[in-house]
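*Asks:* no sequence for this one, just the structure:
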């Protein structure tokens with residue numbers, strides 16, 4: 001017995017197999033396609049004969065011309081796919097999306113230059129795909145995605161019972177995936193995201209409707225976090241075996257007082273994998289060679305873009321460095337500090353969502369008790385990352401050099417550390433993030449980064465997202481990173497007084 005066509009399976013699933021229902025839906029689709037493509041001729045596709053309809057269903061006659069354009073726009077599959085046999089596996093198809101929801105999905109690509117979201121399934125029943133390109137460091141990634149129409153409630157958006165069968169079908173796979181809830185059918189353009197694994201756990205219990213928290217609305221903040229987390233996590237997973245092997249070889253480099261590794265020596269690693277290996281090496285070197293002195297330590301970081309700030313937010317070794325700085329300052333006069341150089345060209349060449357990651361990284365440092373200074377003179381951006389514990393020793397531990405995976409060195413002796421101390425002093429006295437308190441410094445930095453407009457809304461957004469937590473939005477699979485410090489940074493920013 002011949003298998004039914006995909007067209008037959010799709011129409012049967014959606015209740016459009018009756019000829020009268022089909023032609024009514026076809027006419028409606030023609031009008032929408034004419035508006036979408038700005039082609040009035042498509043609106044003339046209103047009906048077909050019953051005989052032609054039956055031939056389309058059986059796959060013996062192919063829609064052509066404007067009819068083919070309308071059907072492909074309407075059903076989301078090519079004519080060739082529709083007239084081919086339906087898959088033999090159990091196929092659960094998602095409901096069609098409202099035009100406003102499709103427009104909202106396209107709007108993400110307009111708002112964010114690294115986003116390419118295709119909600120149409122490349123293979124029937126598989127969902128769409130969301131490509132997120134990298135910029136300077138991130139390698140770029142893609143994640144499976146499925147969009148559903150949702151209804152607005154006071155604390156969440158609800159996916160209705162008519163979509164639960166497909167929701168369970170889509171989330172049963174253990175691959176990484178995201179759910180998107182759209183309010184397009186209700187006249188709004190907001191989208192809400194949830195990790196599929198989090199949804200799968202909820203669907204293990206009997207539910208009549210499925211909620212996505214209001215806090216997970218897609219905006220520059222949540223997009224920045226998704227973009228950074230998905231990219232970093234996927235690259236580290238791809239390099240997991242290689243990184244495990246390389247870690248076993250680090251001891252010889254840590255024992256030396258001087259060591260460097262060129263990027264070309266690790267050509268098989270992804271950009272993020274090489275970045276993590278450099279961070280791991282430098283963090284271990286600092287922990288071994290930074291001496292406890294009678295003054296609080298200060299450090300210089302080369303982070304000037306959000307991609308580099310994402311490493312501070314996600315890498316466990318970076319969190320260990322912040323803890324080390326705080327521990328080495330216990331009982332000493334003064335506070336530990338961190339200086340950055342963020343030239344104006346770096347600000348102008350990055351999008352607002354990326355600058356948010358840098359602001360969050362600074363907030364994380366401040367939450368550990370570090371005072372952050374930011375200078376802007378471009379010549380200081382070429383300095384390596386270093387730690388200054390006393391006048392007699394500088395620990396160079398640079399993992400952000402584009403041509404090297406790491407560069408570590410202990411610099412001792414009178415006069416040898418003067419240039420490092422002078423650079424640190426310059427950043428302290430010429431900081432654009434000037435202020436006596438964390439709030440004043442972070443607010444000044446936000447103004448410099450072009451994020452100060454709507455400061456009260458930014459603080460409120462961090463407060464609601466930080467207090468709810470990002471667990472349902474950001475799910476890491478690599479053992480080398482975790483998202484807990486993102487929540488810490490959000491909570492710290494959210495605790496600031498937006499009116500002072």
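*Replies:* Noted; the coordinates are in hand. Keep in mind the model is a prediction, meaning the values are calculated, not measured.
*Asks:* centre of the chain to the helix or strand harbouring residue 307, how far?
*Replies:* Counting by DSSP states H and E, the element that carries residue 307 is helix 306-314. Between the centre of helix 306-314 and the centre of its host chain there is 11 Å, according to CA atoms, centre = their mean, to the nearest Å.
*Asks:* what about it, average pLDDT?
*Replies:* Predicted confidence along helix 306-314 averages 97 (mean pLDDT).
*Asks:* now the helix or strand just after that helix, how far from the centre of its chain.
*Replies:* Counting by DSSP H and E, the next helix or strand C-terminal to helix 306-314 is helix 316-328. Its chain's C-alpha centre lies 24 Å from the corresponding centre of helix 316-328 when counted by CA atoms, centre = their mean.
*Asks:* for the closest residue to residue 113 other than its chain neighbours, what are phi and psi?
*Replies:* The shortest distance from residue 113 to any non-neighbouring residue, by CB to CB, 6 or more residues apart in numbering, is to residue 351 (5.9 Å). C-beta: built from backbone N, CA, C; applies to glycine. With angles defined as degrees, to the nearest 10, residue 351 sits at phi -80, psi 160.
*Asks:* what angle do the helix holding residue 307 and helix 316-328 make?
*Replies:* Here helix 306-314 points in a direction 70 degrees away from that of helix 316-328 (axes from the mean of the first three to the mean of the last three CA atoms, to 10 degrees).
*Asks:* host element of the closest residue to residue 324 other than its chain neighbours?
*Replies:* In space, residue 324 comes closest to residue 287 once its chain neighbours are excluded; the distance is 6.1 Å by CB to CB, 6+ apart. Assigned by DSSP H and E, residue 287 belongs to helix 271-289.
*Asks:* and the angle for that helix with helix 316-328?
*Replies:* Using the same axes, to 10 degrees, helix 271-289 lies at 30 degrees relative to helix 316-328.
*Asks:* now do the buried residues in helix 271-289.
*Replies:* Using 16 or more other CB atoms under 10 Å as the test for burial, helix 271-289 gives 271-286, 289.
*Asks:* same thing with stretch 152-171?
*Replies:* Applying 16+ other CB under 10 Å to stretch 152-171 flags 156, 157, 158, 159, 163, 164, 166, 167, 168, 169, 170, 171 as buried.
*Asks:* repeat for stretch 47-56
*Replies:* 48, 53, 55, 56.
*Asks:* quick check: next helix or strand after the helix or strand hosting the last one?
*Replies:* With secondary structure defined by DSSP H and E, residue 56 is part of helix 50-58. Where DSSP H and E defines the elements, the next helix or strand beyond helix 50-58 is helix 65-75.
*Asks:* what mean pLDDT does that next one have?
*Replies:* Helix 65-75 comes out at a mean pLDDT of 92.
*Asks:* output the contacting helices and strands for the next helix or strand after it.
*Replies:* Once helix 65-75 ends, the next helix or strand along the chain (criterion: DSSP H and E) is helix 79-83. Here helix 79-83 touches helix 6-14, helix 65-75, going by 3 or more CB pairs under 8 Å, 6 or more residues apart in numbering; DSSP states H and E.
*Asks:* 6 Å - rerun?
*Replies:* Helix 79-83 sits against helix 6-14, with contacts defined as 3 or more CB pairs under 6 Å, 6 or more residues apart in numbering; DSSP states H and E.
*Asks:* the helix it packs on vs helix 65-75, what angle?
*Replies:* Going by the same axes, to 10 degrees, helix 6-14 makes 40 degrees with helix 65-75.
*Asks:* give me the residues contacting helix 6-14.
*Replies:* Contact with helix 6-14 is made by 17, 57, 75, 81, 82, 84, 86, 93, as judged by CB atoms under 6 Å, 6 or more residues apart in numbering.
*Asks:* I'd like these as TSV, with neighbour count appended.
*Replies:* As requested, these are exported to TSV (neighbours: other CB atoms under 10 Å):
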residue	neighbour count
17	15
57	20
75	23
81	19
82	26
84	16
86	21
93	20
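*Asks:* make JSON lines from those residues and add distance to residue 227 to it.
*Replies:* Shown next, in JSON lines, are the contacts of helix 6-14 (distance: CB to CB, whole Å):
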{"residue": "17", "distance to residue 227": "42"}
{"residue": "57", "distance to residue 227": "43"}
{"residue": "75", "distance to residue 227": "31"}
{"residue": "81", "distance to residue 227": "31"}
{"residue": "82", "distance to residue 227": "34"}
{"residue": "84", "distance to residue 227": "36"}
{"residue": "86", "distance to residue 227": "36"}
{"residue": "93", "distance to residue 227": "29"}
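*Asks:* which among those gets closest to residue 181?
*Replies:* Set against residue 181, the nearest of the contacts of helix 6-14 by CB to CB is residue 93 (18.3 Å).
*Asks:* ok, the closest residue to the closest one other than its chain neighbours to residue 94 distance?
*Replies:* Excluding the flanking residues, the one nearest residue 93 by CB to CB, 6+ apart is residue 13, at 4.7 Å. Distance, residue 13 to residue 94, using CB to CB, to the nearest Å: 9 Å.
*Asks:* quick one, phi psi at residue 64?
*Replies:* Torsion angles, degrees, to the nearest 10, at residue 64: phi -130, psi 170.
*Asks:* which secondary structure element of this structure has the lowest mean pLDDT?
*Replies:* Ranked by mean pLDDT, DSSP states H and E, the weakest helix or strand in the chain is helix 251-255, scoring a mean of 75.
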